[in-house]
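Chemist: no sequence on this one, just coordinates:
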C-alpha cells in the first residue's frame with residue numbers, strides 16, 4: 001500500500017491526545033452511607049468495573065476513528081499490476097488488405113472493425129493508427145472518423161514488420177501499446193518477438209464466417225491464329241462450390257464471351273476463341289466470396305513486326321526463315337563482312353549464328369544493344385577459339401566458354417518454369433524424343449538454365465537485365481553437329497527468344513512487383529510518358545533507350561484496371577494492371593504469429609484491460625467508511641454501555 005500524501009501521516013502523533021485524556025481524566029466517587037452497607041458495597045464494585053470497560057472501549061474507538069481519518073486524508077492506494085506501462089502510447093495497426101472484404105457475423109470485417117473503433121474508443125484518447133497505405137499520427141478517433149469511414153481496401157499485403165519499422169522510426173525509445181486488428185491471412189512477422197517487454201501486445205482476431213472463394217488467377221494468350229485469338233482463363237476455387245460460377249469476357253463495354261464454370265477440381269481453365277482485334281477489357285466472375293479477385297484486366301494489341309538480324313552464313317541461317325515468318329517478323333541476314341552497324345540499334349533481336357570471328361566493334365555494339373533492351377542469341381562455332389568467344393560474352397553476359405568437348409550428349413532437361421516455356425506446355429513432358437549434340441562447350445556462369453544435357457550441364461541458358469536478354473547455346477546447332485533443328489523444341493525456343501518486353505505476349509502486369517515495361521517510342525528531351533485511365537494518372541520512372549523507352553513501374557498504380565500509356569495525349573500502348581492473388585485463400589490463417597499477444601474479441605476489451613491493469617486502486621473511501629463505523633460505534637457505546 002502506498003500514499004499520495006504520505007506527509008499527512010505525521011499527524012498520527014495526535015493519537016497520544018485521547019490516550020492522555022483517558023488516562024488522566026479520573027472520575028472521583030462520593031461515598032454515601034446507608035443502613036444496608038453490604039448491598040451498597042456490591043453496587044459500588046459493579047459500577048467501577050463497568051466504567052473501566054466503557055473507558056477502554058471509548059479509547060479504542062476514538063483512537064481508531066482518528067487514525068483512519070488521518071490515513072484517509074493521506075489517500076492510500078495500491079498500484080496497478082502494469083503501473084510501469086501507464087504512460088505507454090497507443091498504436092493501432094489495422095489490416096485493410098483484400099482478405100478483410102470477407103463477411104463476418106456483423107458484415108465485412110474491415111467495415112465492422114472501423115465501426116467498433118469509432119464507437120468504442122474514448123474521444124479523448126490519443127492514438128496513432130496505421131494501415132497498409134495510410135498513417136495517422138498522434139490524433140484522436142473523432143478527428144479521423146471521416147477518413148476511417150472512407151478507408152479503402154489495399155492491394156498491398158498487411159506487412160506487420162514494415163508498420164512496426166515505421167512506428168519505431170517515428171517514436172524511438174517509446175513504450176507502446178500495440179493493438180493489431182487483422183484476420184491473420186498470410187500474416188508473418190519477425191519483429192514481434194523482439195519488441196521490448198515494456199510494450200503491450202493485443203490481437204483482435206477478425207473472423208470470417210464464409211471462407212469459400214473463387215479467384216481469377218490469370219488470363220493468357222494460348223494461341224495466336226490467323227483470324228482468332230485463343231484466350232485461356234485460369235480460375236482457382238478455395239473451399240467447396242455448390243453451384244457453377246458465371247464467367248464472362250468483356251472488351252471495352254461489350255461482352256464477347258460467356259460461360260458457366262463448374263469446379264470438379266480446385267483449378268479450372270476455360271478457353272475462349274475471340275475475333276482477332278485489339279482487346280482492352282477484362283474477365284469477370286460472380287461469387288459469394290471476395291470481390292477484389294473477381295475481375296482480371298488484360299490488353300491484347302495487334303503485335304508489331306519484330307525486327308530480327310541474323311549474322312552468319314546464309315546456309316546456316318536458312319532454318320530461321322521457317323520460324324520467323326514475314327507476317328510477324330522482319331528478318332535481315334548479314335555476313336560478318338556486310339554488317340550495317342547503324343541499323344543494329346533499331347533491331348529487337350540479333351542472332352550470332354556460328355561466327356568464326358567476332359570483331360571488337362561488333363562486341364561493343366552488342367553490349368550497348370543489350371543494355372538498351374535488345375535480345376542477343378549466341379550460337380557458337382566449333383572452329384572459333386574460346387578466347388574470342390569469351391571476349392564477347394564477358395562484355396554482355398559474363399559467361400565463360402571452356403574447351404570444346406567431343407562427346408555425344410542428349411538434351412534431356414527442360415526448364416518448364418522458364419519464361420520461354422511458360423505458355424508452351426500444358427503439362428510436363430516425360431516421353432519426349434530428346435535431341436542430341438556431338439560436340440559442345442562447357443559454360444561457366446550464373447545464368448538461368450533453359451535446356452540441359454543429361455549430366456546437368458547447360459545446352460541453353462539465359463541472363464537478363466530487365467529490359468533485354470542474352471541466350472547462349474553451348475554447342476553449334478547445325479545439322480552436322482546436332483538434330484536440334486528437327487526437334488519440336490526449336491520453334492517455341494527461337495520464337496520466344498525473339499520476343500521483346502513489348503511483344504512478349506504478356507497481357508497484364510502485377511501491382512507492386514516493380515515490373516519494367518519497354519515500349520517502342522521516340523521522345524524529345526522535355527517529353528515524358530504518363531500512364532492513365534479515367535480514375536488515376538501517374539508518371540513512372542522512365543529512361544530513353546534509343547528508339548525505346550524503359551518504364552519502371554515500382555508500386556504503381558494504386559488500383560487495378562485498364563490504362564493507356566500516353567505521350568502528349570497520343571496513345572502509345574494499352575496496358576493492364578491486376579492485384580496479386582495472395583489474399584484469395586481465406587484458409588491461410590496464421591494465428592501462431594500472435595501466440596504471445598493478449599487476444600481480445602472487441603476493441604472495448606482492450607481499453608478495459610488497459611484501464612484495469614494500470615489504474616491505481618484508491619483506498620481512502622474505505623477508510624472514510626471505517627471512520628463512520630467507529631463514530632457510530634462510539635455513539636452506541638456511550639448510549640448502551642453503562
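Modeler: All right, it came through fine. Keep in mind that this is a model prediction, so the values were computed, not measured.

Chemist: low-confidence ranges, this protein, go.
Modeler: For the chain, residues meeting the criterion pLDDT under 70 lie at 1-3, 24-50, 77-86, 196-197, 423, 426-432, 500-505, 611-619, 642.

Chemist: now do the helices in it.
Modeler: Applying DSSP state H to the chain gives helices spanning 16-24, 37-73, 109-120, 145-149, 160-170, 320-323, 341-344, 360-371, 386-396, 490-497, 603-614, 620-640.

Chemist: so which bits of the fourth one are buried?
Modeler: Neighbour-count burial for helix 145-149 flags residue 148 (criterion: 16 or more other C-beta atoms under 10 Å). C-beta: built from backbone N, CA, C; applies to glycine.

Chemist: relative to residue 249, which of the helices of the chain is closest?
Modeler: Counting by C-beta to C-beta, residue 249 lies closest to helix 490-497 out of the helices of the chain; the figure is 25.0 Å.

Chemist: okay, buried residues for the closest one please.
Modeler: By neighbour count with 16+ other C-beta under 10 Å, helix 490-497 contains the buried residues 490, 493, 494, 495, 496, 497.

Chemist: tell me both backbone torsions, phi and psi, for the most centrally placed residue in the chain.
Modeler: In the chain, the residue lying closest to the centroid (C-alpha atoms, centre = their mean) is residue 157, at 2.5 Å. Backbone torsions for residue 157, taken as degrees, to the nearest 10, come to phi -60, psi 150.

Chemist: quick one: it from residue 620, how far?
Modeler: Per C-beta to C-beta, to the nearest Å, residue 157 is found 52 Å from residue 620.

Chemist: and what of residue 131?
Modeler: Distance from residue 131 to residue 620, counting by C-beta to C-beta: 44 Å.

Chemist: residue contacts, the residue nearest to the centre of the chain?
Modeler: By C-beta atoms under 8 Å, 6 or more residues apart in numbering, the residues touching residue 157 are 97, 132, 186, 580, 582, 583.

Chemist: so what's the residue count around the residue nearest to the first one when sequence neighbours are not counted?
Modeler: If the residues on either side of it in the chain are set aside, residue 97 comes closest to residue 158, at 4.5 Å by C-beta to C-beta, 6 or more residues apart in numbering. By the criterion of other C-beta atoms under 10 Å, residue 158 has 26 neighbours.

Chemist: quick one: residue 158 and residue 182 touch, right?
Modeler: Yes. The criterion here is C-beta atoms under 8 Å, and residue 158 meets it with residue 182 at 5.8 Å.

Chemist: okay, and the common contacts of the two?
Modeler: Listed as contacting both residue 158 and residue 182 by C-beta under 8 Å, 6+ apart are residue 95.

Chemist: so residue 108 makes contact with residue 101?
Modeler: Yes. With contact defined as C-beta under 8 Å, residue 108 reaches residue 101; the gap is 5.9 Å.

Chemist: domains in the chain, by residue range?
Modeler: 2-79+618-640, 83-210+586-615, 213-300, 306-503, 509-578 (automatic domain parsing).

Chemist: quick one: contacts for residue 324?
Modeler: Neighbouring residues of residue 324 by C-beta under 8 Å, 6+ apart: 306, 308, 331, 494, 495, 498.

Chemist: ugh, wrong one, I meant residue 222
Modeler: Applying C-beta under 8 Å, 6+ apart to residue 222 gives the contacts 230, 231, 232, 271, 423.

Chemist: for the third one, give me its contacts.
Modeler: Residue 232 makes contacts with 219, 220, 221, 222, 269, 270, 271, as judged by C-beta under 8 Å, 6+ apart.

Chemist: just put these in JSON lines and tack on distance to residue 552.
Modeler: Below are the contacts of residue 232 laid out as JSON lines (distance: C-beta to C-beta, whole Å):
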{"residue": "219", "distance to residue 552": "24"}
{"residue": "220", "distance to residue 552": "24"}
{"residue": "221", "distance to residue 552": "24"}
{"residue": "222", "distance to residue 552": "29"}
{"residue": "269", "distance to residue 552": "32"}
{"residue": "270", "distance to residue 552": "34"}
{"residue": "271", "distance to residue 552": "34"}
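
Chemist: top of those by neighbour count?
Modeler: Neighbour counts for these, by other C-beta under 10 Å, peak at residue 219, which reaches 24 neighbours.

Chemist: how close does residue 470 get to residue 480?
Modeler: Counting by C-beta to C-beta, the separation of residue 470 from residue 480 is 25 Å.

Chemist: correction: residue 163
Modeler: Counting by C-beta to C-beta, the gap from residue 163 to residue 480 is 63 Å.

Chemist: what of residue 351?
Modeler: Distance check for residue 351 against residue 480: by C-beta to C-beta, it reads 19 Å.

Chemist: more neighbours: the two, which one.
Modeler: More neighbours surround residue 351 than the other of residue 351 and residue 480, with 24 against 8 (other C-beta under 10 Å).

Chemist: that one touches residue 309, doesn't it?
Modeler: Yes. If you go by C-beta under 8 Å, residue 351 and residue 309 touch, sitting 7.1 Å apart.

Chemist: how far away from the center of its chain is stretch 253-263?
Modeler: Stretch 253-263 sits 31 Å away from the centroid of its parent chain (C-alpha atoms, centre = their mean, to the nearest Å).

Chemist: how about that stretch: buried residues?
Modeler: 256, 257, 261, 263.

Chemist: now the contacts of residue 157 in a markdown table, with neighbour count?
Modeler: Below are the contacts of residue 157 laid out as a markdown table (neighbours: other C-beta atoms under 10 Å):
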| residue | neighbour count |
| --- | --- |
| 97 | 26 |
| 132 | 18 |
| 186 | 17 |
| 580 | 15 |
| 582 | 16 |
| 583 | 27 |
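
Chemist: residue 376: which of those residues is nearest?
Modeler: Lowest distance from residue 376 to the contacts of residue 157 (C-beta to C-beta) belongs to residue 580, with 31.6 Å.

Chemist: so how far is residue 156 from that closest one?
Modeler: Counting by C-beta to C-beta, the gap from residue 580 to residue 156 is 9 Å.

Chemist: which neighbours do those two share?
Modeler: Between them, residue 580 and residue 156 share these contacting residues under C-beta under 8 Å, 6+ apart: residue 512.
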